[in-house]
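A.B. asks: what would the 3D arrangement of this be:
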Amino acid sequence: MNLASVLEQFAIQPVTTELLGDTQNINHVISTAAGEKYILRQHQTASYSLAALESEMLWLHHLQQHGLEVQKPVALASGNFILEQASKRFSLLTWIEGTVLEEINETQAEMVGALLAKLHVIAQDFKAPIGFERLHYNIAYLEDTLNILRGIEWLEPDMPLLEQAMRKAQTAFMDGVTTWSLIHADLHAGNMIWHNEKVAIIDFDRCGFGPITFDIVTALGYLESEPREAFLRGYGTVQPLPKEFGQQRHLFTIAEWLTNLAFLAPRVQDREYVETIMLPGLREELPKKIAL
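C.D. replies: A predicted model of the protein is given here:
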């Protein structure tokens, strides 16, 4: 792959390039003579269509234009954001300096809650153009999640419980029951950058249309108890929590647990964690959630 020819299409002349490891896409950090830094992403084309990738960039551009702390996508001369070259697809984003934290304290959690609420506020006024295509976190998505779990042979003994739990969770994803929006859908510590007492959100690879409460609960799932309360306080400084949050939080928690299981269980490197830690926890906690 000739990175220089790819970057030329974005009107960027690199001085240095550095491959980033442990990422879903093939990512390079790009530095220029002017001191600017970018991240060049080579997308795994089997994961998303061209329209879905363009839509992710349009959504990022909209958020950035409305003052949210996110990466800015760089447009091509055509006005599009995704470059197709030699059967490969690329996008270029501005680099955000900072640190990814393994643990989040209460002050930081409150900031993240406010930032996610700002994202939801901006989403309310976003008018998706014709051809806009992103994931839909709906009943069909949860059914697809179940199908992934059904296809894993060593999960078979647990499937009756997992099926029962998911059926209960699906009731919260019905139209008219929950507040829908464009959501991040994967907000955890690894997707937050901390710099100069500020936080930025990165990695919108899984962004799509879904319940706001699902977005909130997904973020809460990565926090300890005290930072969770701080996160909710921060969210409330920008807008109230969705009206269904109190009564349906446990249902969205089930959905978050099982979608996370469907992501980890097929990965050979995560099987030990799933079998020794995750599944025992689900066997204990899912019946409690189902009973609520």
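A.B. asks: pull the contacting residues for residue 121.
C.D. replies: Contacts for residue 121 (CB atoms under 8 Å, 6 or more residues apart in numbering) come out as 238-239. (Each C-beta comes from the backbone N, C-alpha and C, glycine too.)
A.B. asks: do a quick rundown of the strands in the stretch 1-150 of the chain.
C.D. replies: 14-20, 26-32, 37-43, 83-85, 88-94, 135-136 (DSSP state E, counting those that start in this stretch).
A.B. asks: can you redo those as a markdown table with mean pLDDT?
C.D. replies: Shown next, in a markdown table, are those (pLDDT from 0 to 100):
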| stretch | mean pLDDT |
| --- | --- |
| strand 14-20 | 88 |
| strand 26-32 | 92 |
| strand 37-43 | 94 |
| strand 83-85 | 91 |
| strand 88-94 | 95 |
| strand 135-136 | 94 |
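A.B. asks: between those strands, which one is nearest to residue 75?
C.D. replies: Closest of the strands of the stretch 1-150 of the chain to residue 75 is strand 88-94, at 9.0 Å (criterion: CB to CB).
A.B. asks: contacts for that closest one?
C.D. replies: Under CB under 8 Å, 6+ apart, the answer for strand 88-94 is 1, 6-7, 10, 12, 30, 36-43, 45, 50, 53, 57, 60, 71-74, 81-83.
A.B. asks: and what of stretch 132-139?
C.D. replies: Against stretch 132-139 from outside (CB under 8 Å, 6+ apart): 49, 51-52, 55-56, 58-59, 141, 170, 173-174, 182-183, 185, 206-211, 214.
A.B. asks: ChimeraX command for the buried members of those?
C.D. replies: A single ChimeraX command is used to select the members of the contacts of stretch 132-139 judged buried by 16 or more other CB atoms under 10 Å:
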select :52,55,56,58,59,141,170,173,182,183,185,206,207,208,209,210,211,214
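A.B. asks: lowest average confidence, helix or strand, in this protein?
C.D. replies: The weakest-scoring helix or strand in the chain, judged by mean pLDDT, DSSP states H and E, is strand 14-20 (a mean of 88).
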